[in-house]
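Student: with the sequence up front, the predicted model follows.
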Amino acid sequence: MLSLPEHKNEKGGSLRFVDFKNVPFEPKRFFWVQGVPAGHRRGGHGHYKDRQQLFCVKGEVLVNLYSNKDLTSYTLKAGDSCFMDNLVWSEQTYLTGDDILLVLCSDQFDKDDYFYDKQEAHNEGILYSS
């Protein structure tokens, strides 16, 4: 997990930044998710090629990552991030209802890069079987 440095201004506000040398790929795309009601989940898929760095900009987001080795969970708060490698199935639970998750992607969008069925991915040996 990576925490973003925070610089506060004595007049108010703060600044956080991402130094791309700390991201394990050259970002090609980014997106963010907001407006998800508290307790609702998003994600529910994995990528064959795309790798992602997930940043909590606001609120609190529980990220579950299922790889070919195990399940890893992170509770990201504002300024925290985690890396999601390819061949990992991910699900995010938005905890406050006022959350913002920003995602940097290693690849451009490709609908054929997605896999959605976690059980099928287990059966094919792509993912860890719990």
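Tutor: Thanks, I have the structure now.

Student: which parts of the chain are helices?
Tutor: 118-123 (DSSP state H).

Student: ok, now which ones touch the most centrally placed residue in the chain?
Tutor: With distances taken as CA atoms, centre = their mean, Leu54 lies nearest the centre of the chain, 3.2 Å away. Leu54 makes contacts with Val61, Val63, Leu76, Ser81, Cys82, Phe83, Met84, Gln92, Leu101, Leu102, Val103, as judged by CB atoms under 8 Å, 6 or more residues apart in numbering. Bear in mind the C-beta positions are built from the backbone N, C-alpha and C, glycine included.

Student: same thing with Asp113?
Tutor: Counted by CB under 8 Å, 6+ apart, Asp113 has contacts His47, Tyr48, Lys49, Asp50, Asp107.

Student: dump these to CSV, plus distance to Lys118.
Tutor: Output for the contacts of Asp113, formatted as CSV (distance: CB to CB, whole Å):
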residue, distance to Lys118
His47, 13
Tyr48, 14
Lys49, 18
Asp50, 17
Asp107, 21
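
Student: thanks a lot, catch you later.
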